[in-house]
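Trainee: no sequence on this one, just coordinates:
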Ligand code: SIN
């Protein structure tokens, strides 16, 4: 009998799949639904101190190899969102609060409010590829300051979600860990754009967006592999995971859990499909648990 449960930074997951921060994380009911559909944990949409209406439409466009989105971090603000946490937790899976802000104080205030509301862990979004808030994750100094301040304020685990839009992702991973990060989530979307050739204009209202989906999977796997060599905290892999084989690749690169973002376009059954595939794979290959394959690709 194989076991799919994993422990990440003190959080127990019945299986290693999580809902990535995104549109389904905006309400407690949706988060509960995803947890009940089999996700091992769910991550909220990034929550800011004040409500954000986001950018005007179009905010998302489908491209051949995935999606490009620039929603503009829309969310109802933390004072409204805290009411959703208890509903989300009814799903029976840990709820991780994604936090976004532009200044250290904002991150700390949102983090404290989410902790008080009973959230299980935090994921600091310092990596949105098209918002000012996302520039933080391109600066080692700002990343250090924010992680250090949040870690000094809360008692729950703090994950830090990194951007691939940097020269060396391990540099940012190392400073995040030096500042106290309990885990690294890698990666956020890749900065991208799409031009409608009929009208000769960028499609997204914001011009630039973040590419997600299968196209970014090899980039994400490479980032996880590099980060695994650079730091000693668990890594949560995210980027283009659509099937169990993708998840196995991330584990072998060094991830201890994976997040599904664009993959939910296939339906919420994706969580059960991936966990079933992982279970069969471990069984067939003679492994007992997920940790048996974490980092396997480094041992060659
Ligand atoms: C958005 O809301 O625009 C996307 C958030 C992100 O990529 O971090």
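Mentor: Nice, I can see it. A quick note: this is a predicted structure, and the numbers were derived from the prediction, not measured.

Trainee: can you pull the buried residues of the longest helix anywhere in the chain?
Mentor: Counting by DSSP state H, the longest helix found in the chain is helix 270-285. For helix 270-285, a neighbour-count test (16 or more other Cβ atoms under 10 Å) marks 270-271, 273-275, 277-279, 281-282 as buried. C-beta coordinates here come from the backbone N, C-alpha and C atoms, glycine included.

Trainee: again with stretch 45-64
Mentor: So, applying 16+ other Cβ under 10 Å, buried residues of stretch 45-64: 45-49, 52, 54-55, 58-61.

Trainee: Next: stretch 103-123.
Mentor: Within stretch 103-123, the residues that count as buried by 16+ other Cβ under 10 Å are 104, 106-111, 113-115, 117, 119-123.

Trainee: Stretch 59-78 now?
Mentor: When neighbours are counted by 16+ other Cβ under 10 Å, the buried residues of stretch 59-78 are found to be 59-61, 66-76, 78.

Trainee: Stretch 159-171 too?
Mentor: Residues of stretch 159-171 classed as buried: 159-166, 169-170 (neighbour count, 16+ other Cβ under 10 Å).

Trainee: could you dump these to a markdown table with secondary structure, distance to the ligand and pLDDT?
Mentor: Rendered in a markdown table, the data for the buried residues of stretch 159-171 read as follows (DSSP: H, G, I helix; E, B strand; the rest coil; distance: Cβ to the nearest ligand atom, whole Å; pLDDT from 0 to 100):
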| residue | secondary structure | distance to the ligand | pLDDT |
| --- | --- | --- | --- |
| 159 | strand | 14 | 98 |
| 160 | strand | 13 | 98 |
| 161 | strand | 8 | 98 |
| 162 | strand | 11 | 98 |
| 163 | coil | 9 | 97 |
| 164 | coil | 12 | 97 |
| 165 | coil | 11 | 96 |
| 166 | coil | 15 | 97 |
| 169 | helix | 16 | 98 |
| 170 | helix | 20 | 98 |
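
Trainee: now the residue in the stretch 201-300 of the chain that the ligand sits nearest to, nearest residue through space, not along the chain?
Mentor: Using Cβ to the nearest ligand atom, the single residue of the stretch 201-300 of the chain nearest to the ligand is residue 210, 4.6 Å away. Nearest non-adjacent residue to residue 210, counting by Cβ to Cβ, 6 or more residues apart in numbering: residue 189, 2.6 Å away.

Trainee: Quick check: phi and psi on the one you found?
Mentor: The main-chain torsion angles of residue 189 are listed as degrees, to the nearest 10 and equal phi -70, psi 170.

Trainee: What residues does it make contact with?
Mentor: If a contact means Cβ atoms under 8 Å, 6 or more residues apart in numbering, then residue 189 has 69, 129, 209-212, 216 as its contacts.

Trainee: what does residue 133 give?
Mentor: When the contact criterion is Cβ under 8 Å, 6+ apart, the partners of residue 133 are 48, 73, 100-102, 125-126.

Trainee: one more time with 7 Å
Mentor: Taking Cβ atoms under 7 Å, 6 or more residues apart in numbering as the definition of contact, the neighbours of residue 133 are 73, 100-102.

Trainee: ditto for residue 94
Mentor: Under the criterion of Cβ under 7 Å, 6+ apart, the contact partners of residue 94 comprise 11, 13, 41, 120-121.
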